[in-house]
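Undergrad: generate coordinates for the sequence data below:
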Amino acid sequence: MRKYWIEIKVEISKKQRSLLLFLQEQSLYTEYTMNKDLRSFDFSNLDLEPEIQQILSQLLNHVEHLTAELEKVKKENQDLRDEIARLKGGKGKPKIKPNKTDADNEDDEDEQSNKKKRRPKTNKNSKNSKARKKRIKIDREETIKVDRSELPDDVKVVGYREVTVQNIKFETDNVLYRLEKLYSESTGKHYEADMPKECEGQSFGSGIEAFILLLYFQLRVTQNKIHKLLTSIGNVISEGQISNVINKKHLDKFEKEREEIVRAGLESSSYQQTDDTGARENGINHHTIFLGNKHYSSYFTERYKNQETMKNLLHFLDEPSENEEVSKEFGDYVKILIADDAPQFHNITELRGLCWWHEVRHFEKIRPCFLHNRKILEDFTGKVWDYYEELENYKKKPSQEFKEKLSSDFDDLFSTVTGYDLLDHRIKLTGKKKPYLLLVLDYPEIPLDNNLSERGLRKVVIKRKISNGTRVKNGTKAWDVFLSILETCEKNYVDFYEYLQDRISSDYRMPSLASVLSEQSHLTVPTTF
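TA: Below you'll find the model as predicted:
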């Protein structure tokens with residue numbers, strides 16, 4: 001047994017020596033001893049014997065694994081340092097983006113120049129200018145006459161040259177209502193004129209209250225800044241009154257609007273998209289869940305993010321009798337759910353589609369140590385994006401033949417063995433997700449990505465960073481309700497301010513958002529090939 005072990009050891013030593021001699025012949029050993037770095041050398045150009053190639057591949061993969069593990073440990077170590085610093089009342093290490101290199105600047109310039117080349121030439125002083133002037137609302141006209149004091153007596157008017165100047169007038173519109181009072185001697189009764197319906201029992205009109213909501217939710221202005229702005233033009237209003245408008249006064253009315261929007265939104269498409277992000281309420285961690293599609297958006301902030309939360313997300317849509325329990329869950333309303341691969345989205349609907357962009361990010365997170373492996377990774381991700389383009393082409397013109405080809409191409413692509421262990425492991429994991437990534441082959445109307453959800457949540461993240469979260473439950477609900485209405489207005493080309501004012505004043509001249517999105521959406525019947 002000992003003799004056999006010595007023979008194996010001698011054989012390995014011979015292979016190592018032969019590899020070392022080869023590296024010396026290629027001047028690689030000298031380069032390594034001088035620079036202590038082989039990362040920039042491309043081994044793919046070398047004509048190696050199979051045994052040497054195998055040993056070299058094993059060494060490279062071993063270094064890649066160790067490098068990845070080291071980076072993971074370094075990150076965990078820094079996270080622990082940051083947590084210790086926070087517990088001591090300090091701050092963690094700031095995240096500072098690296099400076100742009102000259103190469104990055106050159107890439108930006110090339111991209112901008114390419115955009116300019118692709119952009120069609122237009123006459124900015126004629127066509128665009130005329131179209132722009134047509135959009136300008138004229139509030140008043142002013143005629144300016146020529147000073148005739150030094151002109152000949154025979155001058156006459158031959159026309160006018162029109163010049164439009166845009167301006168803004170930001171001022172109060174406070175109204176003192178003088179209600180006429182009458183008295184009838186015959187009846188002994190007093191009579192008084194009625195206040196306008198929208199102003200009855202109110203200290204502020206619908207215009208200023210809609211403006212407060214516009215500033216806070218659409219423009220992300222803080223309550224303190226809103227107070228300074230309004231008082232600077234002469235309004236007498238406190239920060240508490242502003243908070244009341246945002247968090248309480250009209251919340252119930254608009255919450256019902258949100259419910260109608262969600263009802264109509266669930267019927268507007270054969271699929272729904274969802275994602276979530278972190279939230280804070282009075283210093284307690286919560287999670288804001290996005291639900292929507294291209295016709296509407298809705299937000300729900302819950303304490304936990306798990307399957308139970310998702311299943312009960314739409315409980316308010318049920319209308320049970322007094323003694324009837326709510327029995328319907330998320331899956332009763334939604335058949336196809338587009339999301340990432342987070343566990344809370346598993347098995348709550350009949351069908352689930354995954355986001356291709358999110359899946360490709362897994363490959364982008366791989367950080368090869370060697371140039372050789374970096375080229376392998378870049379080559380493979382390029383093939384993935386080429387396949388993604390083919391899926392987009394399929395969505396435009398689906399067919400049974402095209403479907404079978406794409407299914408076969410998926411198997412070929414994600415059974416590739418590159419020799420780069422970390423990449424090969426990732427390829428296998430993606431290959432197992434075929435039913436979810438290729439759901440589009442059976443339902444061409446669904447999107448390939450979940451970017452719509454991520455863009456929707458970005459508004460919440462920006463608002464959270466500005467306002468540092470909410471402090472009371474009503475504040476959290478207000479964020480969910482008004483951001484849902486804001487996003488749905490934008491998707492259906494409805495003016496957010498006008499809609500708020502119409503509902504606050506109880507005029508109801510504008511159609512409800514639920515009816516608007518129902519009219520603009522066309523339910524697509526899934527086509528199976």
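Undergrad: distance of the nearest residue to Glu364 once chain neighbours are set aside from His190?
TA: Distance criterion C-beta to C-beta, 6 or more residues apart in numbering; nearest residue to Glu364, sequence neighbours excluded, is Thr381 at 7.2 Å. C-beta here means a position set from N, CA and C on the backbone, and glycine is covered the same way. Between Thr381 and His190 the distance is 82 Å, computed by C-beta to C-beta, to the nearest Å.
Undergrad: the two - which one has more neighbours?
TA: Thr381 (15 against 9; other C-beta atoms under 10 Å).
Undergrad: tell me if I'm right that the more buried one and Arg361 touch.
TA: No: judged on C-beta atoms under 8 Å, Thr381 makes no contact with Arg361 at a distance of 10.6 Å.
Undergrad: in which helix or strand would I find the residue most central in space within the chain?
TA: Note on the chain: the residue nearest the mean C-alpha position is Arg455, at 1.4 Å, using C-alpha atoms, centre = their mean. Assigned by DSSP states H and E, Arg455 belongs to helix 451-467.
Undergrad: tell me which residues are up against that helix.
TA: With contact meaning C-beta atoms under 8 Å, 6 or more residues apart in numbering, helix 451-467 is reached by 217, 220, 222, 273-280, 288, 290, 292-294, 297, 299, 338-339, 355, 357, 479, 483, 486-487.
Undergrad: what of stretch 158-168?
TA: With C-beta under 8 Å, 6+ apart as the test, stretch 158-168 has contacts from Lys133, Ile136, Ile138, Thr143.
Undergrad: try 7 Å
TA: With contact meaning C-beta atoms under 7 Å, 6 or more residues apart in numbering, stretch 158-168 is reached by Lys133, Ile136.
Undergrad: list the buried ones in it?
TA: By 16 or more other C-beta atoms under 10 Å, stretch 158-168 has no buried positions at all.
Undergrad: and it, how far out from the chain's middle?
TA: 42 Å (C-alpha atoms, centre = their mean, to the nearest Å).
Undergrad: quick check: the residue nearest to Glu364 touching Lys365?
TA: No: Thr381 is not in contact with Lys365 according to C-beta atoms under 7 Å; the separation is 11.4 Å.
Undergrad: so where do the strands sit in this protein?
TA: 181-184, 189-192, 271-281, 284-293, 296-302, 336-339, 351-354 (DSSP state E).
Undergrad: run a quick neighbour tally on Leu513.
TA: By other C-beta under 10 Å, the residues close to Leu513 number 24.
Undergrad: how about Leu377?
TA: Neighbours of Leu377 using other C-beta under 10 Å come to 19.
Undergrad: and Leu60, by the same measure?
TA: The number of residues near Leu60, taken as other C-beta under 10 Å, comes to 20.
Undergrad: okay, the residue nearest to the centre of the chain: pLDDT?
TA: At Arg455, the pLDDT value in this model is 94.
Undergrad: ok, back up a step: buried ones only from the contacts of helix 451-467, please, as a ChimeraX command.
TA: Selection of the buried residues among the contacts of helix 451-467 in ChimeraX, burial being defined by 16+ other C-beta under 10 Å:
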select :217,273,274,275,276,277,279,280,288,290,292,293,297,299,338,339,355,479,483,486,487
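Undergrad: any idea how far Glu302 is from Thr309?
TA: Taking C-beta to C-beta, one finds Glu302 at 5 Å from Thr309.
Undergrad: also Val417?
TA: Between Val417 and Thr309 the computed distance is 40 Å (C-beta to C-beta).
Undergrad: swap in Arg280?
TA: Arg280 is 17 Å from Thr309, by C-beta to C-beta.
Undergrad: can you check Arg426 too?
TA: As judged by C-beta to C-beta, Arg426 and Thr309 stand 30 Å apart.
Undergrad: same deal with Lys88?
TA: From Lys88 to Thr309 the distance is 34 Å (C-beta to C-beta).
Undergrad: so between the two, which is more surrounded?
TA: Thr309 (18 against 8).
Undergrad: OK, contacts around that one?
TA: For Thr309, the contacting residues are Glu302, by C-beta under 7 Å, 6+ apart.
Undergrad: got the CA coordinates for the helix holding Arg455 in PDB?
TA: What follows is helix 451-467 as a C-alpha-only set of coordinates in PDB (Å, rounded to 0.1, in the frame of the first residue of the first chain):
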ATOM      1  CA  ASN A 451     -38.400  45.600 -14.600                       C
ATOM      2  CA  LEU A 452     -41.900  47.200 -14.300                       C
ATOM      3  CA  SER A 453     -42.100  46.000 -10.700                       C
ATOM      4  CA  GLU A 454     -38.500  47.200 -10.000                       C
ATOM      5  CA  ARG A 455     -39.300  50.700 -11.500                       C
ATOM      6  CA  GLY A 456     -42.500  50.900  -9.400                       C
ATOM      7  CA  LEU A 457     -40.600  50.100  -6.200                       C
ATOM      8  CA  ARG A 458     -37.900  52.600  -7.000                       C
ATOM      9  CA  LYS A 459     -40.400  55.400  -6.300                       C
ATOM     10  CA  VAL A 460     -41.000  53.900  -2.800                       C
ATOM     11  CA  VAL A 461     -37.200  53.600  -2.200                       C
ATOM     12  CA  ILE A 462     -36.600  57.200  -3.200                       C
ATOM     13  CA  LYS A 463     -39.500  58.400  -1.000                       C
ATOM     14  CA  ARG A 464     -38.200  56.300   1.900                       C
ATOM     15  CA  LYS A 465     -34.700  57.800   1.700                       C
ATOM     16  CA  ILE A 466     -36.100  61.400   1.600                       C
ATOM     17  CA  SER A 467     -38.700  60.900   4.400                       C
END
